[in-house]
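Undergrad: Please work out how this folds:
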Amino acid sequence: MYVTALARGIEVLRCFTPERPELGTSEIARLTGLPQPTVYRLCYTLSDLGCLMPGRSPDKLRVAPGVLSLGHAAVTHGGIADLAHPMMNTLANEFDASVSLGARDRTSMVIVQRSEAPGIVNVNLHIGSALDLANSSLGWAWLAAINDEARKDALEPIKRVGGDRWRKAQNHVKIALSEYERGGFVLNLGKSHPDINAIGVPVISPSRIRVMALTCGGVRTSMTRERLENDVAPRLVSLAQQLSLALGP
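TA: As a prediction, the model looks like this:
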């Protein structure tokens, strides 16, 4: 049975992002579409539970350390993040690149583990960063691995927004599906960042019930399409296969 109060509380917590670390109740009401008295009661309860705390100014709130224990449980994803980290480090150092493991959260892919080689271009991504489901190699790899119906459902919120975002999403996903069918991976050649090329592959549980995604990227001058396809792709696919069992049956 759907619990509306619980859903609303989670929606309040989702309002806080790295770009919006502190919010007032009026801002939360605007972001959630909930009445301000309802937001006030939810924030009071979340504060009492240790999930929210006062911000730097008295009229603002921020996420409290109590949420970190919940976040840690999600990030480990049943141990897969810890299992993946040393293997991702090896890959990142070998190709002088960054390697990310991501899980879908609505219209985003959230990075649950990340490894970076020393000295790579800093694109300000870290564990907890959210990437657009329809505009990232992590997202395209995830979308390519699921069935048509699930893909349609996942893209529906983006379709409702319409405009340029949906037109770009349609085109990017179409290309990614074709690439995945042909080679078992997707490419992001400067589409998300003009100086970065990346490749993505899905991590699929044996039953295909659970899907995550891996991506490996670096500066385009060294991470050429040929290198991605010929050198990185086999290694990333192999890593995905090793991690698939950690997703469960």
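
Undergrad: Which parts of this protein are helices?
TA: Counting by DSSP state H, the chain has helices at residues 4-14, 25-32, 36-48, 66-76, 80-95, 137-145, 148-161, 163-183, 225-227, 233-244.

Undergrad: Pass me the low-pLDDT residue ranges in the chain, would you?
TA: Counting by pLDDT under 70, the ranges of the chain that qualify are 65-66, 68-78.

Undergrad: Domain parsing of it, as residue ranges.
TA: Here the domain parsing of the chain from automatic domain parsing is 4-64, 71-247.

Undergrad: Let me know which of those domains is tucked in deepest.
TA: Mean neighbour count (mean count of other CB atoms under 10 Å) peaks for domain 71-247 among these, with a mean of 18. (C-beta placed from N, C-alpha, C; glycine too.)

Undergrad: how far does that one sit from the chain's center?
TA: In terms of CA atoms, centre = their mean, to the nearest Å, the gap separating the centre of domain 71-247 from the centre of its chain is 8 Å.

Undergrad: got it, and stretch 10-26?
TA: Taking the mean of its C-alpha atoms, stretch 10-26 sits 18 Å from the chain's own mean (CA atoms, centre = their mean).

Undergrad: swap in stretch 233-249?
TA: Distance, stretch centre to chain centre, for stretch 233-249: 18 Å (CA atoms, centre = their mean).

Undergrad: For that stretch, which outside residues touch it?
TA: Contact with stretch 233-249 is made by 77-80, 83-84, 87-88, 91, 94-95, 99, 101, 183-185, 199, 201-207, 209-212, 214, 216, as judged by CB atoms under 8 Å, 6 or more residues apart in numbering.

Undergrad: Can you check which of the helices of the chain gets nearest to N122?
TA: helix 80-95 (13.8 Å; CB to CB).

Undergrad: Return the closest one as CSV; C-alpha atoms alone will do.
TA: What follows is helix 80-95 as a C-alpha-only set of coordinates in CSV (Å, rounded to 0.1, in the frame of the first residue of the first chain):
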residue,chain,number,x,y,z
ILE,A,80,29.2,-4.4,-5.3
ALA,A,81,30.8,-0.9,-4.8
ASP,A,82,33.4,-2.3,-2.5
LEU,A,83,34.0,-5.3,-4.7
ALA,A,84,34.4,-3.1,-7.8
HIS,A,85,36.7,-0.5,-6.4
PRO,A,86,40.1,-2.3,-6.7
MET,A,87,39.3,-3.5,-10.2
MET,A,88,38.1,-0.1,-11.2
ASN,A,89,41.4,1.4,-9.9
THR,A,90,43.4,-1.0,-12.0
LEU,A,91,41.5,0.0,-15.1
ALA,A,92,41.7,3.7,-14.4
ASN,A,93,45.4,3.6,-13.9
GLU,A,94,46.0,1.4,-16.9
PHE,A,95,44.3,3.7,-19.3
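
Undergrad: Now do it against helix 233-244, angle only.
TA: Inter-element angle recorded for helix 80-95 and helix 233-244: 160 degrees (by axes from the mean of the first three to the mean of the last three CA atoms, to 10 degrees).

Undergrad: which non-adjacent residue is nearest F16?
TA: Using CB to CB, 6 or more residues apart in numbering and skipping residues adjacent in sequence, the residue nearest F16 is V63, 4.9 Å away.

Undergrad: Would you mind measuring from the one you found to L52?
TA: Using CB to CB, to the nearest Å, V63 is found at 6 Å from L52.

Undergrad: Quickly list what's touching both of the two.
TA: L13.

Undergrad: got a markdown table for the helices of the chain, with distance to L125 too?
TA: Below are the helices of the chain laid out as a markdown table (distance: least, CB to CB, whole Å):
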| stretch | distance to L125 |
| --- | --- |
| helix 4-14 | 19 |
| helix 25-32 | 23 |
| helix 36-48 | 28 |
| helix 66-76 | 14 |
| helix 80-95 | 13 |
| helix 137-145 | 10 |
| helix 148-161 | 21 |
| helix 163-183 | 19 |
| helix 225-227 | 21 |
| helix 233-244 | 17 |
